[in-house]
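Build the 3D model from these lines:
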Amino acid sequence: MKAVVTRGPFEVVVEDVGEPQPGPGEALVRIERVGICGSDLSLFKGMHPYQRYPRIQGHEVAGRVVGFGEGDRRGLAVGDLVAVEPLIACGSCYPCRIGRGNCCTDLKVLGAHVDGAFREYAAIPSTMLYPANDLEPDLVALCEPISIAVQAVARAAIGPEDRVVVMGAGPIGAGICLVATDRGARVLCVDLLPSRLELASVYGAERTVVAGIEDVEAVVAAWTEGDGPSVAIDAVGAPPVIRQCCGLVANAGRVVIVGLSAQEVSLPIIDFTRKEMTLLGSRNNAGRFGEAVSLVRRNRDRVGAMITHRFPLPETSEALRFAADNPAAVEKVMIEVA
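All right, here's what the predicted structure looks like:
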């Protein structure tokens, strides 16, 4: 079968590899769609702090079950279209014991720590598969990035009484707009790129702000009638944006950091004590993947707007380079495998 292997920075090749055989508790999945994520671009550019080469990337997956190994099939059947939750937790460390396997001390992620889905077939544990026969493959692949947004919104316990400012309108930031408005909150989204804010509007943001052109602080103050947002979410991972979230958020508000960065950020302690704000991290999803599938199902008429470009599997290298070189034009590149 064909597989796309990242061998080093900017070195992506198509190779012939053996078709995997499903082991106990695994299903053989024919891959149909794989979305390109920001972490895929980081590995492509040699900037990801955790991943190692060579690696078959790809963790935003839609596939079709074509076979099983021995053991429990967990209600799945040959022919099922499935979304893939790409997290493999140990099940025994402290976070796993309290139901937060997303923080597992030995967490492995499909396409990062173990080979992923930029290939024609993959053997995947049945516990990681969610049937979605009523959805199109494109939407099934988007369940994974939406699950990241579901986790961020859950971390802040967002509800109808909240006004939420989302900093960043990439796939995760826009997804947070979708999830927060699905929970009844009002949302304002900020980004440097007007093109990206279009998706935030489709996903429910009632106000969008182009940073660098509009005065973010003034717009947010007017939008919240001087209170500040009850929740501010960083979906960028840049220290100035995190500091801005802490400055914008209301007294007694919550700040959630979703953006991933190895940079350090300095924050004035007085803001935390004066405002009694809550600062929360958010990573992957903790048992909420099924919720993400349901949310995509409820919003199927607009979720697909995230996809801006498509490439076939043999052109994955070109797709990665295009996404890396054209951030203003790209929200989500979808790799079509079958």
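
tell me the centre residue of this protein?
Pro145 (2.9 Å; C-alpha atoms, centre = their mean).

I'd assumed His59 was in contact with that one.
No - the pair Pro145 and His59 fails to qualify as a contact (C-beta atoms under 8 Å) at a distance of 9.6 Å. Every C-beta, even on glycine, is put in place using the N, C-alpha and C of the backbone.

what sits in contact with each of these two?
Cys37 (C-beta atoms under 8 Å, 6 or more residues apart in numbering).

What sits closest to Leu267 if chain neighbours are left out?
If you skip the residues right next to it in sequence, Leu267 has Cys246 as its closest partner in space, 5.7 Å away by C-beta to C-beta, 6 or more residues apart in numbering.

Which elements pack onto the helix or strand that contains that neighbour?
When elements are defined using DSSP states H and E, Cys246 is found to belong to helix 239-248. Other helices and strands packing on helix 239-248, by 3 or more C-beta pairs under 8 Å, 6 or more residues apart in numbering; DSSP states H and E, are strand 163-167, helix 216-223, strand 231-234, strand 254-257, helix 269-275.

Tell me what angle the longest one forms with helix 239-248.
What it means is helix 216-223. Here helix 216-223 runs at an angle of 30 degrees relative to helix 239-248 (axes from the mean of the first three to the mean of the last three C-alpha atoms, to 10 degrees).

how about helix 216-223: buried residues?
By 16 or more other C-beta atoms under 10 Å, the buried positions in helix 216-223 come out as 216, 219-220, 223.

do the same with the first one
For strand 163-167, a neighbour-count test (16+ other C-beta under 10 Å) marks 163-167 as buried.

ok, residues contacting it?
In contact with strand 163-167 (C-beta under 8 Å, 6+ apart) are residues 156, 158, 173, 176-177, 180, 185-191, 200, 205, 220, 223-224, 227, 229-236, 241, 244-245, 248-249.

Which neighbours in the sheet does that strand have, and how are they oriented?
For strand 163-167, sheet partners with direction are given as strand 186-191 (parallel), strand 231-234 (parallel), following DSSP bridges.

pLDDT (mean, whole number) over the last one?
In this model, strand 231-234 has a mean pLDDT of 99.

Show me the domain layout of the chain.
2-141+299-336, 147-281 (automatic domain parsing).

Of those, which is nearest Phe289?
Between Phe289 and the domains of the chain, the tightest spacing by C-beta to C-beta is seen for domain 2-141+299-336, at 4.2 Å.

Quote the end-to-end distance of that closest one.
Start to finish, the residues bounding domain 2-141+299-336 are 13 Å apart (C-alpha to C-alpha, to the nearest Å).

rewinding a little: now the residue nearest to Leu267: how far from Ser126?
When distances are taken as C-beta to C-beta, to the nearest Å, Cys246 and Ser126 turn out to be 43 Å apart.

for Arg52, same thing?
When C-beta to C-beta is the yardstick, Arg52 and Ser126 sit 27 Å from each other.

Looking at those two, which one has more neighbours?
Counted by other C-beta atoms under 10 Å, Arg52 and Ser126 do not tie: Ser126 has more neighbours, with 21 against 9.

Give me the phi and psi for that one.
Note on Ser126: backbone dihedrals following degrees, to the nearest 10 are phi -60, psi -30.

Confirm for me that it is in contact with Gly23.
No - because the distance of 10.8 Å does not satisfy C-beta under 8 Å, Ser126 is recorded as not touching Gly23.

For Gly75, which residues are in contact?
Gly75 makes contacts with Pro131, as judged by C-beta under 8 Å, 6+ apart.

Would you verify that it is located in a strand?
No - using DSSP: H, G, I helix; E, B strand; the rest coil, the secondary structure at Gly75 is coil, not a strand.

State the number of residues packed around Gly67.
A count of neighbours around Gly67, defined by other C-beta under 10 Å, yields 14.

ok, now Gly304?
Residue crowding around Gly304 was assessed by other C-beta under 10 Å; the count is 17.

Confirm that it sits in a helix.
Yes - the assignment for Gly304 by three-state DSSP puts it in a helix.

thought it was touching Ala141?
No - the pair Gly304 and Ala141 fails to qualify as a contact (C-beta under 8 Å) at a distance of 10.2 Å.

ok, Thr273 - how many residues close by?
Should you count by other C-beta under 10 Å, Thr273 turns out to have 9 residues around it.

likewise Gly99?
Gly99 is flanked by 9 other residues according to other C-beta under 10 Å.
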